[in-house]
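Visitor: coords below, sequence missing:
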Ligand code: 26V
């Protein structure tokens, strides 16, 4: 069925028929969930042919395909994106209006697909959308977790984690199980080498556990181009022939555990066996399938890099080069050198954090127990690497620092770098830091492997879907071309001094704020005025992201107002959303403190509503769609050098918030695009931070004792001003004073306060502010993930459309 010819009437017929046949119910009686399922089924029928056709064409044309391996994908809801990309969103909305069905309610019946923690997983999902949209052949490869990222509730100010059983009663309506593509995965047991019938050494597996990997494909629909790619998510099953090995329920459950949960931790690296199994399971399943489908083309295996790219998203799939070697050498009989050459040309790796503690290292004993054969292969790769460098006459210390296996640990980033041809960071500054610091030794060895790919966002979701009023205002100003070509937003610059246009943009921001204000009232009971500045910090709770610096400033304002209730300030609403890793004690204390501070402030009538603090629970992609377009101020205040890129900063920019930022991650590139006048920058630079490290001259207690305003603010944590937070308050106090303030909050406090004062004065002049806001939207086109993925495709993967 070609969708260009689809009429509203036809859609209504299809919808009613499906509802009647499959749910045995009529429209008025159906629940939103039933209506949602039905709608999903109807649109599945609409796109199935294109999906089949895409798969057929790719294998027929023998095009090179990139496979993006990621342990996380965080798409959020898919319904509206799918409708938008199929070009029938407006048609369906009109059809529903005729049927008297509330589209919003149906949309909200879909559970967020939250198979990711934060930026890394969201980026992977963005890349899936952009691959389909740009037309490059690129498939995702990940895990089909039964439970996604935990649901966060706030109880008495504390974070409580609940399981995210996202399948619910509906299941995943988009996925298709592919039984014909199952593969087996071997774990544990012993491996020894025996001479086979051809006189070659080949591994014999003894007592290995054999598990079945079952793929579920989720369609990735390109924007108005008929392209549909796959996101392949693997689930685990016990093969029938091995069922006797699992006599008890507990035995079976231990297997199901492999895909049961997404690890909710992006703050503390833990070398847990289950995690290693997860990583290997999806990597091996993906690579086995890739080799099988390549061989169907009848081409020689030693040239597989000509048709296949395997991308390693962070270190989680970094076992890939070793597993690929195992398959090529052991299972398909390639010689080591030929296998190694094609492996290196196939693999590429993205690093997502400069925090070296985040780079995975596996205990060699554990690794050997779980993956005995892969372990042997890693030793061989490492030995050859070391021998090669020694032969080149390289410095022995350099060799020791870069080798894969040392001190009883396997360094996965080292394997990914040695076993691949490309290493990239995710923003300019981040890539520079990788070269000069975190991965410097590898940069010395392989300068040609290093490159930058600044992150991006799916502009369609953050404008057309999340900000419909803004999108309409843009249409009115520059026409609709920008919906296809985001760089057209530049045309808005011509209207930067057009009062009518500025007033219109101001008005749409007010509408988005009103929507959020309503949600805030409903969910927290706090009343906020849309005349206030909506000042937003939403992201994972992490010390380096410095939500606490934001808190210090709020406490300062609190004391200012207590001293002088008539203080002349634009009313402010500080809005937070953040999940803390369940085991991250400090982060949870910050959440508790924000909530107690919010209680104190929101219930103090003497503040005359000039100050409000709101913590919105369960921040996720869908909540972001509500919050982002409503922000006036985007808080991007990480300690310079720590935030690899950030991506919410880009979403806020594109929907007209002013960025209040340190010179970190992609903030720098945002500043370069929008210009110094349209952003508020403050704080230590990366060089200044590194200077403190080198000189060991930072002494937070000194800063605290010499700054009475700051001292009063910090003392607020421990003097009983904020109720119900004694232990959290002293924990925070200790981090700032006793433990010397690892992230330089006190060093940046004065600069941050001044920057906030600047925000206040800029906002007073509605015209100035609206102009800045417009300029941000106009210059945000650089941050489309369509362009980011094009750079990956052309510069790393060498793909053709
Ligand atoms: C993980 C860990 C685990 C061990 C201890 C410390 C630590 C710190 C950070 C992380 C984050 C894992 C990687 C990650 O999510 N990085 C994010 O990737 C985004 C997409 O590239 C990027 O925008 C964010 O700046 C970056 O933090």
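Guide: Yes, it's here. Since this is a predicted model, take the numbers as computed values, not measurements.

Visitor: hey, let's count contacts and neighbours off CA atoms from now on
Guide: Noted.

Visitor: And for the helix or strand containing residue 380, what's in contact with it?
Guide: Residue 380 belongs to helix 372-391 when assigned by DSSP states H and E. With contact meaning C-alpha atoms under 8 Å, 6 or more residues apart in numbering, helix 372-391 is reached by 187-191, 203, 322-323, 325-326, 367-368, 396, 399, 403-405.

Visitor: could you pick out which of these are near the ligand?
Guide: Among the contacts of helix 372-391, not one lies near the ligand by C-alpha under 6 Å from any ligand atom.

Visitor: What about these, which are in helices?
Guide: 322, 323, 325, 367, 368, 396, 399 (DSSP state H).

Visitor: Just list the residues touching residue 218, thanks.
Guide: 174, 175, 176, 230, 231, 232, 233.

Visitor: Any stretches of this protein with poor pLDDT?
Guide: 1-2 (pLDDT under 70).

Visitor: and the longest strand for it?
Guide: strand 209-221 (DSSP state E).

Visitor: Distance from the chain centre to that strand, please.
Guide: 21 Å (C-alpha atoms, centre = their mean, to the nearest Å).

Visitor: In the ones in helices among the contacts of helix 372-391, find the pair that's most separated.
Guide: With C-alpha to C-alpha as the measure, no two of these lie farther apart than 323 and 396, at 28.0 Å.

Visitor: of the two, who's got more company?
Guide: Between residue 323 and residue 396, counting by other C-alpha atoms under 10 Å, residue 323 is the more crowded of the two (23 against 11).

Visitor: where does this protein come near the ligand, residue by residue?
Guide: Near the ligand, when you scan the chain using C-alpha under 6 Å from any ligand atom, you find 119-120, 123, 266-269, 352-353, 355, 357-358, 426, 643-647.

Visitor: Next, count neighbours for residue 583.
Guide: 12.

Visitor: Report the contact partners of it.
Guide: Contacts of residue 583 by C-alpha under 8 Å, 6+ apart are residue 265.

Visitor: Doesn't it lie inside a helix?
Guide: No: assigned with DSSP: H, G, I helix; E, B strand; the rest coil, residue 583 falls outside any helix and is coil.

Visitor: That one and residue 276: what is the separation?
Guide: 19 Å (C-alpha to C-alpha, to the nearest Å).

Visitor: Please apply the same query to residue 704.
Guide: Residue 704 is 44 Å from residue 276, where distance means C-alpha to C-alpha.

Visitor: OK, contacts around whichever residue of the stretch 351-500 of the chain sits closest to the ligand?
Guide: In the stretch 351-500 of the chain, the residue that lies nearest the ligand is residue 358 (3.6 Å; C-alpha to the nearest ligand atom). Residues in contact with residue 358 (C-alpha under 8 Å, 6+ apart) are 267, 268, 269.

Visitor: Redo the residues you listed as a markdown table? Include secondary structure.
Guide: Output for the contacts of residue 358, formatted as a markdown table (three-state DSSP):
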| residue | secondary structure |
| --- | --- |
| 267 | coil |
| 268 | coil |
| 269 | coil |
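
Visitor: Quick one: which of the residues you listed is the most crowded by neighbours?
Guide: Result: residue 267 is most packed of these (other C-alpha under 10 Å), 18 neighbours.

Visitor: Excluding covalently adjacent residues, which one is nearest to that one?
Guide: residue 581 (6.6 Å; C-alpha to C-alpha, 6 or more residues apart in numbering).

Visitor: State the number of residues packed around the one you found.
Guide: Residue 581: 24 neighbours (other C-alpha under 10 Å).

Visitor: is it true that it touches residue 269?
Guide: No: contact criterion C-alpha atoms under 8 Å: residue 581 and residue 269 do not qualify, at 11.1 Å.

Visitor: could you flag which of the residues of the chain next to the ligand are buried?
Guide: Buried subset of the residues of the chain next to the ligand (neighbour count, 16 or more other C-alpha atoms under 10 Å): 119-120, 123, 266-267, 352-353, 358, 426, 643-647.

Visitor: of all the residues you listed, which comes closest to residue 58?
Guide: Closest approach to residue 58 among those (C-alpha to C-alpha): residue 123, at 24.6 Å.

Visitor: Surely the closest one forms part of a strand?
Guide: No: assigned with three-state DSSP, residue 123 falls outside any strand and is helix.

Visitor: can you give me the strands in the stretch 251-400 of the chain?
Guide: Using DSSP state E, counting those that start in this stretch, the strands of the stretch 251-400 of the chain run over residues 308-313, 347-350, 361-363.

Visitor: List the contacts of the first one.
Guide: Read that as strand 308-313. 64-71, 290, 318, 320, 346-351, 416, 797.

Visitor: Beyond whichever strand or helix holds residue 132, next helix or strand please.
Guide: Residue 132 belongs to helix 119-134 when assigned by DSSP H and E. Counting by DSSP H and E, the next helix or strand C-terminal to helix 119-134 is strand 138-143.

Visitor: buried ones in that next one?
Guide: Buried residues in strand 138-143, counted by 16+ other C-alpha under 10 Å: 138, 139, 140, 141, 142, 143.

Visitor: Stretch 59-73 now?
Guide: Across stretch 59-73, burial judged by 16+ other C-alpha under 10 Å covers 63, 64, 65, 66, 67, 68, 69, 70, 71, 72, 73.

Visitor: With stretch 748-763 instead?
Guide: Neighbour-count burial for stretch 748-763 [16+ other C-alpha under 10 Å]: 748, 749, 750, 752, 753, 755, 756, 759, 760, 763.

Visitor: That one: how far from the chain's middle?
Guide: Worked out by C-alpha atoms, centre = their mean, stretch 748-763 lies 29 Å from the chain centre.

Visitor: One more: stretch 104-122?
Guide: Centroid displacement of stretch 104-122 relative to its chain, using C-alpha atoms, centre = their mean, is 12 Å.

Visitor: Stretch 654-666 too?
Guide: For stretch 654-666, the distance to the chain centre is 17 Å (C-alpha atoms, centre = their mean).

Visitor: what packs against the longest helix belonging to the chain?
Guide: The longest helix of the chain (DSSP H) is helix 32-61. For helix 32-61, the packing partners by 3 or more C-alpha pairs under 8 Å, 6 or more residues apart in numbering; DSSP states H and E come out as helix 8-18, helix 103-108, strand 228-237.

Visitor: can you do 10 Å?
Guide: Applying 3 or more C-alpha pairs under 10 Å, 6 or more residues apart in numbering; DSSP states H and E, we find helix 32-61 packed against helix 8-18, helix 79-86, helix 103-108, strand 209-221, strand 228-237.

Visitor: Which stretch among the ones you listed is buried most, on average?
Guide: For the helices and strands packed on helix 32-61, the largest average neighbour count (mean count of other C-alpha atoms under 10 Å) is found in strand 228-237, namely a mean of 25.
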